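1. Sharing a model prediction with you, sequence too.
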Amino acid sequence: MHLYLETDDDARTLDFVARENARSDAALKTEAFAADAAAFKAMMEREDKLIHFTRRGDWLTTFRKTARNPMGVWQRLPADQAPVPEAAWETMFDLDAYNATTGRTWIWRGAVTCPWEPSRVLLSLSDGGSDLRLFREFDCKSLSFVAGGFETPLARSHASWESLDSILYFGSIDRASATQSSWPRVGRRVARGQDVASAEPVFAADDSDVTAYATVYGSEMAGQSDGLSADDRLAIFTAVHTIGTASHVISKNAAPPVPVDIPRESDAGFNHRFCLWRAKTDERVPSGSLVLQELPVRLGSDRPPSPARVLFTPSDRRFCTDFALLRDWCVFTIADNMTPRLFLIDLGNAEAEPFELTLPDGVETLSYYPLYSDLHLGDDTLIVSGQGFLRPPTLYRLALSDRTRPLVLQPIAASPSYFDASGMSSLLLEATSEDGTAVPYRLVLPAKFEMGALPVLLYGYGGFEVPLQPYYSGVTGRWLDQGGAYVQAYIRGGGEFGAEWHRAAKREGRHRAFADFAAIAKDLVARGYSKPRHIACNGGSNGGLLTGVMLTRYPALFGAVWCQVPVLDLLRFHTFPAGRAWMDEYGDPDNAQDREAMLAYSPLQAVRPAAEVAYPPIYIESSSNDDRVHPSHARRFAAQLRELGHDPVFHEFTSGGHGGEGDTAASAARVATGYSFLRQTIMTPEA
């Protein structure tokens, strides 16, 4: 079925993409598109944007995009100054200039700080937004790359510092170093200046695993009672078996590793002393429980680990959605019927119990990260962010290491408003799926609208236990300003209500995610907000599969479908290496039972002729250099629709990878293209 479109350099593929792109440009690049693109670009380049920062030594650092630097600049500010936009930020690394020098489009992927010397970092850069990245050692004192320093090839990779002179590097530099899904399998100890291919292997996952990586902890993380000498190092190696299951081993000073005794089906975090894990089954504790457990290697102590402690057990719709271990504190978030609550426990007190910290009113989403880019270099000061669909993010400082004062969230800075939310509202509602399950969704309403004719953009994902959360967005705000409503769907397959919520829609249960999403579309009509012709569904990646199924299985429920970087051929996704990592989620197409289940909903095979069914308008979006979900899914779906008499709108962007990244102009134009499609479909008045 149009298999030539799987070959990127086939002349027929190039002709198909060029022809379809010309069609979509003619249809969607209107005056309104240009206005949206300009507005989105201006939002991305605002000089007064909220600064997200970390601390390295005596400096605060941030990465941001501006009108002068649309690819971005990495900047610093003395740590005793307020991290506000108008401060005298100094540029350390200019990505636009670097791209001009190299003749490549590199995308920023962050900086890995050396735990023992904050001025040394590994800059991580992606090739045009793809999953391939390289690491280069950078000196924050001289503001230059280190001659003879660490430099890794372009590959799917992870890197962590083991010492000032060595890193633990996992990179899929060849087939033997990669898993069957092309992610890193083999870890190597690499010395500065050493070619990674010649470095000593120190850990290897199985070929059938998804990937592997390492984290390192040294004496700077521990107190004297932990018995670490100055040069002691703990390395924790993780093998990810499937997306969502893993096992871990721990090695002290390169000694033979010892297994960390936690269930494979759990999420885990570590520090120098503890493992914090969240159960995904009832194997040891009720599924969803959060457990604190000492590591098996006690950093020089011969005493046995203390008994594991259950910090939280879920009930009804109270689930642990996030957690982290700092040096001496544990922090975790509980979603109480989708409302976040923040809990803390002092690990320095063996008798301490978790306690709740009061949050500001109106916070729909809570996130946090340590102030210091590496906990070896600082204390347990936490940066906390609270936001909502109609509430701009505010950053707070939580000084956990200062035990002389009461713990309070100290405001640091707030984002400017990107739209006037006066009269707008954010409602948490529920639909009833076909099997009777209550499925929550959040409906964000514009200030003024007509009941029964409300244009609704319904977004969903529903896979891989990924939880969706409200977020503040100028793009969404512009849609609301123009009279549209936005819906975020919390369907099964996601992680909003724990592992069981996810597991219910895996493999042969996949239909439940689709039924949940369709139920929300029906509920919006039943409540009188809208009609099918004014409802558009949107999703990317696994969400692209979701929207593809909405088109082929539930066409009468929607007036438009916006399908981004989609998985659409469930019978051939595993023929591309990255796709083999998804078989635990979807099934194995080479297994007859799994194949039959996937064939029942696979959008590419489900397309019917226009003479039999009228599909709503569909816009299919992809990237030529998407190396996670190959663009052939989108190409072949568009080709099949056109061959059977339908008129899809298709656009393949030349770069941006799976996440659609690029400079501000490219990113803005990409989003504006989708909104142009919505404006011409669900926002048109009744005939």
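-> Happy to help now that I have it. Numbering: from 1, shown residues only.
2. contacting residues around residue 455?
-> 483-485, 530, 534-536, 678, 682-683 (CB atoms under 8 Å, 6 or more residues apart in numbering). All C-beta spots, glycine's among them, are computed from the backbone N, C-alpha and C.
3. Contacts only, for residue 368.
-> Contacts of residue 368 by CB under 8 Å, 6+ apart are 322, 324, 331, 342, 382-385, 398.
4. what's the closest of those to residue 40?
-> The closest of those to residue 40 turns out to be residue 385 (CB to CB; 22.1 Å).
5. For the host helix or strand of that closest one, buried residues please.
-> Secondary structure assignment for residue 385, by DSSP states H and E: strand 381-388. Buried residues in strand 381-388, counting neighbours by 16 or more other CB atoms under 10 Å, are found at 381-388.
6. shouldn't residue 23 be in contact with residue 649?
-> Yes. Residue 23 lies in contact with residue 649 (CB atoms under 8 Å); the separation is 7.1 Å.
7. between those two, which one's more packed in?
-> Set side by side, residue 23 and residue 649 show more neighbours around residue 649, with 22 against 16, by other CB atoms under 10 Å.
8. bridging residues for the more buried one?
-> Here residue 649 sits in beta bridges with residue 619, going by DSSP bridges.
9. ok, the contacts of residue 455 vs residue 441, which is closest?
-> Using CB to CB, these come closest to residue 441 at residue 485, 11.4 Å.
10. my guess is the closest one contacts residue 446, does it?
-> Yes. Residue 485 is in contact with residue 446 according to CB under 8 Å; the separation is 6.2 Å.
11. out of these two, which sits in the busier spot?
-> Shown here are residue 485 and residue 446; by other CB under 10 Å, residue 485 has more neighbours (24 against 20).
12. Any figure for the gap between that one and residue 543?
-> Distance, residue 485 to residue 543, using CB to CB, to the nearest Å: 18 Å.
13. cool, and residue 115?
-> Residue 115 is 37 Å from residue 543, by CB to CB.
14. re earlier: pipe the buried residues of strand 381-388 into JSON lines and attach distance to residue 504 and pLDDT per row.
-> Shown next, in JSON lines, are those (distance: CB to CB, whole Å; pLDDT from 0 to 100):
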{"residue": "381", "distance to residue 504": "39", "pLDDT": "97"}
{"residue": "382", "distance to residue 504": "34", "pLDDT": "98"}
{"residue": "383", "distance to residue 504": "35", "pLDDT": "98"}
{"residue": "384", "distance to residue 504": "32", "pLDDT": "98"}
{"residue": "385", "distance to residue 504": "30", "pLDDT": "98"}
{"residue": "386", "distance to residue 504": "30", "pLDDT": "98"}
{"residue": "387", "distance to residue 504": "29", "pLDDT": "98"}
{"residue": "388", "distance to residue 504": "27", "pLDDT": "98"}
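15. ok, which pair from these is furthest apart?
-> Top of the distance list for the buried residues of strand 381-388 (CB to CB): 381 and 388, 24.5 Å.
16. where's residue 58 relative to residue 118, distance?
-> Taking CB to CB, one finds residue 58 at 8 Å from residue 118.
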